[in-house]
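**Q** fold the following and give me the result.
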Amino acid sequence: MSRFADVQTAPPIEVFALTRGFNADQHPKKVNLGVGAYRSEEGKPWVLPVVRKLEVMLAADETLNHEYLPVLGLDALSKAAVHLLLGTDCPAVIENRAIGVQALSGTGALYIGALFLRKILGYDTYYYSQPTWGNHKLIFDTAGFKQGRAYRYWDPKTKNIDFDGMCEDLRQAPENSVVILHACAHNPTGCDPTDEQWKQLCEIIREKKLFPFFDSAYQGFASGDPDKDAKAVRHFAKEGLELFCSQSFSKNFGLYNERVGNLTVVMSDPELAAAVQTQLTLVVRATYSNPPAHGARVVAATLTNKDLFAEWQDCIKVMSARIIQMREALRDRLVKLGTPGTWDHITRQIGMFSFTGLTPQQCEYLISEHHIYMLRSGRANMAGLSSANLDHVAAAIHDAVTKFPA
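**A** Below you'll find the model as predicted:
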């Protein structure tokens with residue numbers, strides 16, 4: 001008998017299974033609202049012009065080679081990423097209390113951060129929003145955390161944040177619990193706390209001696225303004241809290257397959273940085289040894305050059321503005337059709353995803369009858385909408401909601 005005879009088949013990862021179904025579908029009006037990637041008005045992947053320009057420049061630079069990067073990555077990237085996240089006027093930056101470690105996109109930053117917290121600091125409990133990005137639990141469980149607990153976040157009745165429930169759950173969390181917080185454009189709901197609510201959360205986390213671990217996957221991509229999208233993290237840092245923040249440059253640079261990320265570490269004492277870096281070096285060495293260079297060079301060059309940075313800002317404004325436009329257009333069409341329910345939450349939410357409020361049955365009907373692919377949770381990628389498919393999508397949602405009332 002084979003040693004592998006008792007291996008059980010793992011459940012499929014929904015978003016990738018959804019994409020396979022979409023790719024196999026031959027219907028001319030099929031729409032993919034599942035994949036977590038930006039799409040142009042033509043429904044195509046978009047390579048940012050500033051990225052194209054830099055790739056040509058890098059290809060022509062004969063001083064570059066394919067030698068290994070240091071274990072902690074390209075220093076220019078990490079420094080630029082920390083400054084982008086925290087701002088150059090942040091006390092932690094000025095006082096050298098903030099360091100960065102290049103990682104394999106946001107997922108890799110979350111994982112090496114989780115491994116450090118579990119193995120070096122001995123933390124064993126983490127909290128995640130209900131709902132949250134589907135990979136958070138898998139990452140922290142795989143890193144060895146013993147307990148994962150949900151804090152209330154989405155209220156299906158108001159289609160907004162259950163802030164009182166969130167605060168109550170965090171007040172009950174044991175000391176040294178790691179709290180995963182979405183820095184902006186919460187995935188999957190698109191609902192973020194207000195500035196005042198972030199301040200309250202900061203005080204609860206300080207009072208209860210919890211450890212904040214921000215996940216920043218959409219800085220600049222959410223609103224078009226990198227400073228605005230970093231306000232929550234910056235507030236915590238300026239208030240003196242120690243924290244981790246995973247940064248992804250997949251969405252805001254369109255570098256999905258280059259796996260460019262950074263783990264920002266904010267400490268209370270700059271003298272601790274060297275020891276923390278040595279331990280993170282061992283964590284990285286044991287997982288992927290060192291990170292890839294190409295995408296890191298693209299991001300580092302963009303963030304450290306005034307003219308290229310301005311071009312990048314124009315690009316993220318284009319992407320964020322198109323998504324906002326699609327939100328408004330979908331809401332308007334649903335209202336015009338008289339679709340049962342209220343739909344203003346679509347435009348209140350921010351970022352790539354909308355938590356539509358559609359039920360699993362309605363979502364399955366959209367796939368089977370209308371060839372519109374979205375997660376069973378009702379999460380829809382607003383970048384998958386275009387002027388060519390908006391009427392089809394709105395009519396299909398109207399049909400699903402009418403046939404199968406929630």
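**Q** mind checking how far Ser216 is from Glu41?
**A** According to Cβ to Cβ, to the nearest Å, Ser216 and Glu41 sit 27 Å apart. Bear in mind the C-beta positions are built from the backbone N, C-alpha and C, glycine included.
**Q** more neighbours: which of these two?
**A** Neighbour tally, Ser216 and Glu41, criterion other Cβ atoms under 10 Å: the higher count belongs to Ser216, 29 against 14.
**Q** can you pull the phi/psi pair for the more buried one?
**A** Phi and psi for Ser216, reported as degrees, to the nearest 10, are phi -110, psi 90.
**Q** once you drop chain neighbours, what's closest to it?
**A** Closest residue to Ser216 apart from its sequence neighbours, by Cβ to Cβ, 6 or more residues apart in numbering: Ala183 at 3.8 Å.
**Q** ok, now His345?
**A** Nearest residue to His345, sequence neighbours excluded (Cβ to Cβ, 6+ apart): Lys159, at 3.9 Å.
**Q** same deal with Ile13?
**A** If the residues on either side of it in the chain are set aside, Ile13 comes closest to Gly134, at 7.6 Å by Cβ to Cβ, 6+ apart.
**Q** related to what we said a few turns ago, list the contacts for the residue nearest to His345?
**A** Thr342, His345, Phe355, Gly357 (Cβ atoms under 8 Å, 6 or more residues apart in numbering).
**Q** so how do I select the buried members of those in ChimeraX?
**A** For the buried members of the contacts of Lys159, the matching ChimeraX selection, counting by 16 or more other Cβ atoms under 10 Å, is:
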select :345,355,357
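**Q** check the contacts of Lys159 and tell me the two furthest apart.
**A** Pairwise distances across the contacts of Lys159 (Cβ to Cβ) peak at 13.6 Å, for the pair Thr342 and Phe355.
**Q** all strands for the stretch 251-400 of the chain, in order.
**A** 260-266, 353-355, 372-373, 379-381 (DSSP state E, counting those that start in this stretch).
**Q** oops, could you answer that again for the stretch 51-200 of the chain instead?
**A** So, for the stretch 51-200 of the chain - with DSSP E, counting those that start in this stretch - the strands run 98-104, 125-130, 147-152, 154-155, 160-161, 178-182.
**Q** name every strand pairing with the fourth one and say which way it goes.
**A** Just to be clear, that refers to strand 154-155. Sheet partners assigned to strand 154-155 using DSSP bridges are listed as strand 160-161 (antiparallel).
**Q** what average pLDDT does the strand it pairs with get?
**A** Summarised as a single mean, pLDDT over strand 160-161 is 94.
**Q** and that strand, how far out from the chain's middle?
**A** With Cα atoms, centre = their mean, to the nearest Å as the basis, strand 160-161 stands 18 Å off its chain's centre.
**Q** so what touches that strand?
**A** For strand 160-161, contacts defined as Cβ under 8 Å, 6+ apart pick out Tyr153, Trp154, Asp155, Thr189, Cys191, Asp192, Pro193, Gln197, His345, Arg348.
**Q** may I ask which of these has the most neighbours?
**A** Greatest neighbour count in those, by other Cβ under 10 Å, goes to Thr189: 27 neighbours.
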